[in-house]
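Trainee: could you look at this predicted model? Sequence included:
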Amino acid sequence: MLPSLSVLVPTYGRTRVLGECVESFLRQEYAGHAEMVILNDHPLQTLVLDPTVFDPLHPITIINASERSPELGTKRNTLVDVAAFDHLFFWDDDDIYLPWALTAAAELYLKRKAQGRRCSRPSHCFQLQAADGPSYLEPSLILGDGDELILRDSGALWTVLVEKAAVRAAGGFPPHARNQDVSLVRALVQRQWMHGECNTPGMPFFLRRLSGPYPHQVDVPWTGAQDNDSAQLAHTEAVHRMILEGDEPTGQIGINPGWARDYEGLCRQLWYRTDPVRVLPRPRDAADA
């Protein structure tokens with residue numbers, strides 16, 4: 001039996017891409033119950049969703065906080081607390097999830113649960129980046145507007161379906177703006193509730209976005225744990241500049257679901273061009289197994 005899922009999405013000043021994340025949820029083919037909970041903590045933005053966008057099996061809730069969370073880790077823990085279901089899926093507001101994402105993740109979780117694990121992650125994902133960025137694995141698909149789609153090892157929390165009890169037993173997310181996801185993954189691995197997957201069968205379901213109008217943590221210089229808050233500060237300042245320049249709205253903002261690209265078609269095109277022999281796990285994933 002498929003578990004009921006809570007898809008948890010923190011957001012701050014990324015309204016130009018959030019609709020694509022919501023659209024990803026609306027396209028899910030999941031036969032079980034699943035909710036999406038979006039936590040917005042930009043005090044100048046009140047996000048609303050068209051009430052006609054409603055599916056009783058897959059409802060969407062937006063929480064508009066009145067003040068900025070001190071760090072992303074704390075914000076994610078708040079989402080864990082309000083989640084209605086005991087199985088969690090963490091999504092980022094600017095990423096894309098293909099229609100079979102929840103089904104594939106739940107099936108992998110049930111397989112790993114039979115082996116004594118309390119969470120699962122697949123071995124690979126797609127990544128959308130500037131065409132001049134590093135290609136982790138070949139081949140790549142060059143898109144017409146300066147972007148490149150590549151296939152890479154996943155390694156991230158954003159492909160993981162995990163039990164709420166496991167997150168809490170592992171101490172939850174640390175109070176950091178950066179690397180809080182890595183810290184939680186390490187805690188889960190240490191407790192042997194997760195291990196690196198090796199060539200998970202089937203096409204990946206997660207598309208990580210590194211291109212677009214908003215800054216990402218990888219854009220911020222990183223020298224160590226003492227700089228954990230630099231990413232949050234950089235994001236806050238960047239969004240503030242976009243608001244001043246008229247590139248990001250304020251006030252009540254309607255979130256309009258939709259995809260700017262045929263992400264499913266592009267991912268399938270790249271996948272079917274890929275030599276499976278080249279789709280290998282990272283050494284550290286194999287070491288975690």
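Mentor: That came through fine. Residues are numbered from 1 along each chain as shown.
Trainee: what helices or strands is the longest helix along the chain leaning on?
Mentor: Criterion DSSP state H: the longest helix present in the chain is helix 230-244. Contact here means 3 or more CB pairs under 8 Å, 6 or more residues apart in numbering; DSSP states H and E; on that basis helix 230-244 packs against no helix or strand. Every C-beta, even on glycine, is put in place using the N, C-alpha and C of the backbone.
Trainee: mind checking how far it is from the chain centre?
Mentor: 20 Å (CA atoms, centre = their mean, to the nearest Å).
Trainee: what comes up buried for it?
Mentor: For helix 230-244, a neighbour-count test (16 or more other CB atoms under 10 Å) marks Ser230, Ala231, Gln232, Ala234, His235, Ala238, Val239, Met242, Ile243 as buried.
Trainee: got TSV for the residues you listed, with pLDDT too?
Mentor: Shown next, in TSV, are the buried residues of helix 230-244 (pLDDT from 0 to 100):
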residue	pLDDT
Ser230	70
Ala231	70
Gln232	73
Ala234	78
His235	78
Ala238	86
Val239	86
Met242	90
Ile243	91
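Trainee: how about the contacts made by Glu163?
Mentor: Contact analysis of Glu163 by CB atoms under 8 Å, 6 or more residues apart in numbering lists Asp86, His87, Leu88, Arg118, Cys119.
Trainee: just the buried subset of the residues you listed, written out for ChimeraX, thanks.
Mentor: Selection of buried members from the contacts of Glu163 for ChimeraX, criterion 16+ other CB under 10 Å:
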select :87,88,118,119
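Trainee: out of the contacts of Glu163, flag the one nearest to Leu143.
Mentor: Set against Leu143, the nearest of the contacts of Glu163 by CB to CB is Leu88 (31.9 Å).
Trainee: is it fair to say the closest one lies in a strand?
Mentor: Yes: using DSSP: H, G, I helix; E, B strand; the rest coil, the assignment for Leu88 is a strand.
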